[in-house]
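1. Return atomic coordinates for the entry below.
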Amino acid sequence: QIQLVESGGGSVQVGGSLTLSCASSGSNFSTFSGGWFRQVPGKERELVATISKSGRSTHYADPVKGRFTISRDNAENTVSLQMNLLKPEDTAVYYCAADILYSNSPDAYKYWGQGAQVTVSS
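-> Here you go, the predicted structure:
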């Protein structure tokens, strides 16, 4: 079992950048796949990016490809999301997630952080 805590959310103008970090505690983080998902009011939680246990495999949702980068540091027990060229439609609550299995579906993830608000204004 692990606990996840996000940090780094905030407000930024269109075209700006933000980095979200997710710190884990508890079990060995290198045995968990990681992911970032986001949600806006009235909509389902959606995939942003996922990363395998080793970090060698990543997957991105089409709307963020080329702009966002997911990475992890198993020595530091963290997963990060670097977000560049932000758009108003990126505004959402971003959630860090982890699970033993590697999946691109939020339904597959057992462990979740509390969420971090990202607001992009024009």
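2. Could you use CA atoms for every contact and neighbour count after this?
-> Noted.
3. so who does the closest residue to Ser122 other than its chain neighbours touch?
-> For Ser122, ignoring the flanking residues on the chain, the nearest one in space by C-alpha to C-alpha, 6 or more residues apart in numbering is Val14 at 5.3 Å. Shown in contact with Val14 (C-alpha atoms under 8 Å, 6 or more residues apart in numbering): Leu85, Leu86, Lys87, Pro88, Val120, Ser121, Ser122.
4. my read: the first one touches Gly15, true?
-> So that's Leu85. Yes - taking C-alpha atoms under 8 Å as the definition, Leu85 is a contact partner of Gly15 at 4.1 Å.
5. beta partners for the residue positioned nearest the centre of the chain?
-> Nearest to the geometric centre of the chain sits Trp36, at 2.2 Å (C-alpha atoms, centre = their mean). On the basis of DSSP bridges, Trp36 takes part in beta bridges with Ala49, Cys96.
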